[in-house]
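Peer 1: Sequence first, then the predicted structure, then my questions.
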Amino acid sequence: MKQTFWLAAAVFTVALLGNSQNADALGCGKKCRARRAAEAQAAQDQYQRDMQYRQSQALEQQRQWQAQQDAYRAQQDAYRRQEQARWDAQQRAYEQQRAQEQARWEAQQRAEEQRYQQAQPRISYGGYDQQAVVTGNGVGAVEVDKNGVPLYDAEGKPLSDKDKALWPFRHQEIPDMPVVVTERSWTSYHEDQFSQFIAKFGAGVKAKPMRRLNYYMHDASVNQYANTEIPSVYYYSDCADLPVFLRAYFAYKNGLPMSVATDPVMNRQPYASIGTSGYDNWIANNPTKTEVSPYGNSLTRRTASNIPARQGAEKNFIKWWSSMMDATSTRTFMVSPFTPNYSALSDVYPVKMDRAGIRPGTIVHSDGHVLMVTSVFPNGDVELMDAHPDNSLQFKTLDPSKLMRERPDRAYGFFRFRSATAVGGTTYFDPTTGKTAIAGATIQLDGDQKLYQQGVWSLEQWMGPNSAVAPGQRVDPNQWKVAYKDIGFFELLRANLSTRVETADGASNDLLVSLCNDLKQRVADIEAAGSLPTQPRPQALPQNIYNAEPTWEQFATPSRDGRTRQAILNLPGLIVKNFKNGVRNQYKMSYAGSAQSYQQQILQMWAQQDNSCRVTYRNSAGQPVTIGFSELVARAPRMSFDYADCPEKRWGASDQEIAATCRDSDSGGRWYRAQTSMRNGGGKTNENGTIVVRSDRPISSISIVIG
């Protein structure tokens with residue numbers, strides 16, 4: 001009985017342990033092993049089911065993400081098509097309007113020529129045989145054009161075309177427009193309001209491009225103060241004047257203090273780079289050519305304060321602006337932050353490359369040209385506007401062709417106006433505004449140190465990302481050469497300005513659209529030359545084709561064409577950069593596809609531009625000629641910048657087309673052929689003052705290799 005009990009107890013213990021983790025240690029029977037195998041198989045099956053579920057979930061998430069990406073791309077494509085359609089409609093309406101205006105003008109010209117043909121004398125000046133329109137009697141007779149603008153100056157020389165554009169401004173009947181300063185200082189509120197003013201103005205220029213400044217100033221959809229304007233007032237500005245004019249106009253409308261820098265002198269040595277013998281020799285031979293100073297300029301004084309000396313001595317806005325316009329030029333912008341007295345005398349300061357520094361109202365100075373930021377988009381794109389000697393305004397999109405990278409001494413980059421404060425003086429009640437006004441005060445600008453402490457003054461445009469160089473601090477003269485060696489300047493700029501991750505294909509499509517817009521705006525540039533190609537050609541080109549007499553400056557397009565050609569040359573490299581940054585997910589750029597799919601997308605986008613981007617011009621016979629996007633790019637090396645060339649040459653037509661319809665004074669094409677190297681030069685001059693070419697490849701051979 002005792003043995004039976006212990007045997008039963010042992011069996012029970014073993015059975016109990018067989019269900020525990022220690023069963024293996026004591027042995028397991030056939031049923032036990034079968035059960036454990038079944039349990040292991042069940043666990044393995046459950047694991048497989050779990051893995052399949054997780055994989056299906058991951059695939060579903062991937063499908064959802066891809067669907068979102070496809071929807072986003074479709075939305076972007078729809079938006080771009082909508083914007084392109086809107087632009088094309090505006091362009092067609094604009095071209096139709098210009099054609100109507102041209103037809104009316106030609107009809108008026110024919111009527112006037114017929115009217116005066118018998119009554120007026122034939123006269124000749126400088127080889128040009130012109131039909132003069134004479135007004136007045138006897139010795140006081142003045143020869144004018146159909147708009148009443150004199151043809152000749154007091155010495156009998158033909159009036160320059162810039163002076164003709166300026167004439168309505170200089171000779172208008174000036175109404176009572178007193179400048180009353182009622183605010184002591186520009187505050188952050190005023191600066192924000194100024195940005196909004198520029199943003200609206202720029203949107204108006206984009207909607208109605210190539211009108212004259214005076215048109216925009218009286219259009220309430222562009223100028224928020226247009227309803228307060230006197231209809232008879234005529235406004236004028238060219239490229240360097242435009243930012244200063246709009247700043248002065250805003251100050252005038254808001255009672256804010258303002259003055260401008262003037263009288264720049266050429267720097268004889270660099271302040272932030274290393275000099276070269278070629279530059280030194282050039283300066284010795286050209287000590288007064290501050291417009292092309294190789295080491296930039298320095299400022300000597302400020303002028304044109306709008307604060308009156310006393311009550312009753314308020315300045316008239318038109319006269320005040322005229323004095324500011326005479327003081328301002330690209331020379332006053334070519335002043336480096338490293339030069340003496342920069343903090344006290346310069347109108348502007350260098351900004352950080354972020355959305356606080358680069359916003360509507362920011363100035364872009366580049367290679368003898370000044371533009372103004374009008375909008376910054378969430379993807380980092382920057383839109384600009386600029387003015388030209390004929391008083392017309394254009395809009396553009398920022399790309400490397402619009403902002404040349406150079407040594408910091410020449411101050412090519414982004415700047416904002418310094419806030420001004422009226423210091424001292426007296427106050428009086430002004431009955432016209434009903435406010436307390438300021439007289440006898442001096443104007444003090446926010447200095448570099450104050451702006452640096454506020455975190456808005458920065459030299460990172462030249463010294464590199466996140467540069468902490470303080471005002472007055474010495475720098476390595478070679479730093480600017482290597483500052484953007486590891487990261488591209490424009491890549492960093494776009495990343496800093498973007499508020500979202502952009503797709504590489506979307507960014508590349510934006511480049512194509514921007515190039516298309518530049519080419520379309522060229523139509524008005526060439527039409528402006530009118531009948532000049534049929535007149536006798538000057539005996540020689542200007543010594544400097546980029547900075548010459550007003551007739552050349554107004555109608556020739558070497559700088560504008562050069563920027564367009566440079567944009568074409570930059571295009572393949574930028575498209576490849578977008579892909580590389582996208583697959584690496586850097587600089588707020590993404591791309592999930594392969595190199596082959598990206599290249600296919602680029603080809604599709606290019607084909608889309610061929611379908612939508614077309615330019616129509618009229619040849620010498622008055623017949624419309626339409627060119628597609630690919631042909632425009634291929635023609636770029638042949639497009640003439642010379643206003644004396646016929647439209648066929650200006651648009652780079654074939655030799656057969658030129659021979660068939662071209663009508664200009666260069667019938668044999670000798671001048672056109674001689675300018676070939678100039679047309680294909682992306683640059684202006686080197687340190688020896690000779691024309692240089694920035695690219696060693698033909699523009700017509702565009703190939704994109706990705707991988």
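Peer 2: That came through fine. For clarity, every value in this text was computed on a predicted model and none was experimentally measured.
Peer 1: which residues are contacting stretch 403-412?
Peer 2: 267, 270-273, 293-296, 333-338, 350, 364-367, 413, 459, 461-463, 480, 484, 489 (Cβ atoms under 8 Å, 6 or more residues apart in numbering). (C-beta placed from N, C-alpha, C; glycine too.)
Peer 1: What mean pLDDT does it get?
Peer 2: Per-region confidence: stretch 403-412 scores 91 on mean pLDDT.
Peer 1: Tell me the buried residues in that stretch?
Peer 2: Neighbour counts over stretch 403-412 (16 or more other Cβ atoms under 10 Å) mark 403-404, 406-412 as buried.
Peer 1: Pull out the buried residues from the contacts of stretch 403-412.
Peer 2: 267, 270-273, 293-296, 333-338, 350, 364-367, 413, 459, 461-463, 480, 484, 489.
Peer 1: just to revisit the earlier point, just the contacts of stretch 403-412: which are in strands?
Peer 2: 350, 364-366, 413 (DSSP state E).
Peer 1: Out of the residues you listed, which two sit at the greatest distance?
Peer 2: 350 and 366 (13.8 Å; Cβ to Cβ).
Peer 1: Can you work out which residues contact both of these two?
Peer 2: residue 413.
Peer 1: partners of residue 426 in the sheet?
Peer 2: residue 439 (DSSP bridges).
Peer 1: Low-confidence stretches in the stretch 451-600 of the chain?
Peer 2: In the predicted model of the stretch 451-600 of the chain, residues 543, 547-550 satisfy pLDDT under 70.
Peer 1: Just the strands from the stretch 301-450 of the chain, written as ranges.
Peer 2: Here the stretch 301-450 of the chain has its strands, by DSSP state E, counting those that start in this stretch, at 301-303, 348-350, 363-366, 369-376, 382-387, 393-397, 413-417, 420-423, 426-430, 435-439, 442-445.
Peer 1: Off-centre distance for the first one?
Peer 2: Centroid separation for strand 301-303 versus its chain: 28 Å, with Cα atoms, centre = their mean, to the nearest Å.
Peer 1: What of the last one?
Peer 2: If you compare the mean C-alpha spot of strand 442-445 with that of the full chain, they lie 30 Å apart, counting by Cα atoms, centre = their mean.
Peer 1: Show me what that strand is packed against.
Peer 2: strand 420-423 (3 or more Cβ pairs under 8 Å, 6 or more residues apart in numbering; DSSP states H and E).
Peer 1: rewinding a little: columns distance to residue 286 on top of the buried residues of stretch 403-412, output as CSV?
Peer 2: What follows is these, written out as CSV (distance: Cβ to Cβ, whole Å):
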residue, distance to residue 286
403, 25
404, 20
406, 18
407, 18
408, 21
409, 16
410, 15
411, 19
412, 20
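Peer 1: Residue 310 and residue 441 touch, don't they?
Peer 2: No: between residue 310 and residue 441 there is no contact under Cβ atoms under 8 Å: 11.2 Å.
Peer 1: more neighbours, the two?
Peer 2: A side-by-side neighbour count of residue 310 and residue 441, using other Cβ atoms under 10 Å, places residue 441 first with 20 against 11.
Peer 1: what residues are up against that one?
Peer 2: Contacts of residue 441 (Cβ under 8 Å, 6+ apart): 181, 257, 307, 422-425.
Peer 1: what do you get if the cut-off is 6 Å, keeping everything else the same?
Peer 2: 307, 422-425 (Cβ atoms under 6 Å, 6 or more residues apart in numbering).
Peer 1: Residue 648 - how many residues pack around it?
Peer 2: If you count neighbours by other Cβ under 10 Å, residue 648 ends up with 27.
Peer 1: Check which helix or strand it maps to.
Peer 2: Using DSSP states H and E, residue 648 falls within helix 647-650.
Peer 1: how distant is that helix from the center of its chain?
Peer 2: 26 Å.
Peer 1: Using CSV, write out every CA atom in that helix.
Peer 2: Backbone C-alpha positions of helix 647-650 (Å, rounded to 0.1, in the frame of the first residue of the first chain) are rendered in CSV as follows:
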residue,chain,number,x,y,z
PRO,A,647,13.9,91.5,-85.5
GLU,A,648,15.0,88.4,-87.3
LYS,A,649,18.6,88.9,-86.0
ARG,A,650,17.3,89.9,-82.5
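Peer 1: and it, which residues are buried?
Peer 2: By neighbour count on 16+ other Cβ under 10 Å, the buried set for helix 647-650 is 647-650.
Peer 1: Name the nearest of those relative to residue 202.
Peer 2: residue 650 (27.8 Å).
Peer 1: gap between the closest one and residue 535?
Peer 2: 15 Å (Cβ to Cβ, to the nearest Å).
Peer 1: ok, back up a step: rank the strands of the stretch 301-450 of the chain by pLDDT, which is bottom?
Peer 2: strand 393-397 (a mean of 90).
Peer 1: what's next to that one, contact-wise?
Peer 2: 205-206, 209, 383-387, 514, 521.
Peer 1: Among the contacts of stretch 403-412, name the ones in helices.
Peer 2: Among these, the members falling in helices (DSSP state H) are 333, 461-463, 480, 489.
Peer 1: how many other residues sit next to the residue lying closest to residue 641 once chain neighbours are set aside?
Peer 2: Nearest residue to residue 641 in three dimensions, chain neighbours excluded: residue 558, at 4.2 Å (Cβ to Cβ, 6 or more residues apart in numbering). Residues lying near residue 558 (other Cβ under 10 Å) number 25.
Peer 1: Quick one: residues contacting residue 558.
Peer 2: 545-546, 641.
Peer 1: Against residue 545, how distant is it?
Peer 2: For residue 558, the distance to residue 545 - Cβ to Cβ - is 5 Å.
Peer 1: hmm, back to that, greatest separation within the contacts of strand 393-397: which pair is it?
Peer 2: Farthest pair in the contacts of strand 393-397, by Cβ to Cβ: 387 and 514, 19.6 Å.
Peer 1: Can you list the residue ranges for helices in the stretch 451-600 of the chain?
Peer 2: 460-463, 479-482, 489-497, 504-527, 550-555, 558-583, 595-612 (DSSP state H, counting those that start in this stretch).
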